[in-house]
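Enquirer: Provided below for reference: sequence and predicted model.
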Amino acid sequence: MAYSTQQLIEILDREMRATWKGERLILSSENRLDNPTLAKAIDLEKVGKVFAYRDFRNQVHEYQRLYGVSGIIWRQCSYNDRTLCYPEIHNQLTPVSGDKEILMRAKPEVIDFWRWATQNMQFWLVVSFRRPLSVDSLEELIDEVQWAEIDAAWKELHLGLCWGNPLEHQYQWAKPHSGCHRVIAAIDQPSTIKV
């Protein structure tokens, strides 16, 4: 019987702790760096820990693909006494076949929650700065993307409108094939917290 998603998360967590305690180490760290000057300038013991954990995590990702163990976890977003559970890929796991479709099927429910929670709020699109966003422009963005993520702060909500590869959508280098528009909803001005 294959490990579950939760069991793999626990295994990765234990391995990460063991690695940072120094119980796991790769002695060939210097050979993995393409830059000999950099290899002399940094702490190879710490680099060895990074490589050790990364190698272990890659083995877990292979296991996931081999046995079809989902990388999906279910998050909760609560706002004004209402809670939404929605899927996202765990940050240490990889999506497997069918995971993206789970994200996509949850989009209408996430957007409905967003619309309910953001009535009478103003919207800002987060690029390198915050730019006001009209409701019509927001609806166009919603229509263009494949799935949505939501998070609540004290007096504002944050919406991620995502497309492409669920493993790469948060990285700027993945655009235009994968990406995520970040939108803030607030009554007045968004906080100074960086999204």
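Expert: Structure's in. What do you need? Residues are numbered from 1 along each chain as shown.
Enquirer: quick one: the helices in this structure?
Expert: Secondary structure of the chain (DSSP state H): helices at 5-20, 29-32, 36-41, 44-67, 99-117, 135-144.
Enquirer: for these, which one sits closest to residue 166?
Expert: For these, the distance to residue 166 is smallest for helix 99-117, at 5.4 Å, taking C-beta to C-beta. C-beta: built from backbone N, CA, C; applies to glycine.
Enquirer: Throw the helices of the chain into JSON lines and include distance to residue 157, thanks.
Expert: Compiled in JSON lines, the helices of the chain are given as follows (distance: least, C-beta to C-beta, whole Å):
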{"stretch": "helix 5-20", "distance to residue 157": "26"}
{"stretch": "helix 29-32", "distance to residue 157": "42"}
{"stretch": "helix 36-41", "distance to residue 157": "42"}
{"stretch": "helix 44-67", "distance to residue 157": "31"}
{"stretch": "helix 99-117", "distance to residue 157": "6"}
{"stretch": "helix 135-144", "distance to residue 157": "12"}
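Enquirer: Quick check: bridge partners of residue 156?
Expert: On the basis of DSSP bridges, residue 156 is bridged to residue 186.
Enquirer: er, residue 77 actually
Expert: residue 84.
Enquirer: tally of neighbours for it?
Expert: Neighbourhood size, residue 77 [other C-beta atoms under 10 Å]: 19.
Enquirer: ok so, going back, adding mean pLDDT and mean neighbour count, write the helices of the chain out as JSON lines.
Expert: Converted to JSON lines, those look like this (pLDDT from 0 to 100; neighbours: other C-beta atoms under 10 Å):
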{"stretch": "helix 5-20", "mean pLDDT": "92", "mean neighbour count": "15"}
{"stretch": "helix 29-32", "mean pLDDT": "54", "mean neighbour count": "15"}
{"stretch": "helix 36-41", "mean pLDDT": "58", "mean neighbour count": "10"}
{"stretch": "helix 44-67", "mean pLDDT": "85", "mean neighbour count": "16"}
{"stretch": "helix 99-117", "mean pLDDT": "98", "mean neighbour count": "17"}
{"stretch": "helix 135-144", "mean pLDDT": "97", "mean neighbour count": "13"}
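Enquirer: What pLDDT does the model give the most centrally placed residue in the chain?
Expert: Centre of the chain computed as the mean C-alpha position; nearest residue by C-alpha atoms, centre = their mean is residue 91, 5.6 Å away. If you check residue 91, the pLDDT there is 94.
Enquirer: Got the phi and psi for it?
Expert: Note on residue 91: backbone dihedrals following degrees, to the nearest 10 are phi -70, psi -10.
Enquirer: quick one: it and residue 16, what's the gap?
Expert: Distance from residue 91 to residue 16, counting by C-beta to C-beta, to the nearest Å: 12 Å.
Enquirer: Same question for residue 170.
Expert: Taken as C-beta to C-beta, the spacing of residue 170 relative to residue 16 amounts to 20 Å.
Enquirer: Might one say that residue 168 is in contact with residue 174?
Expert: Yes - shown here, residue 168 and residue 174 form a contact pair, counting by C-beta atoms under 8 Å, at 4.0 Å.
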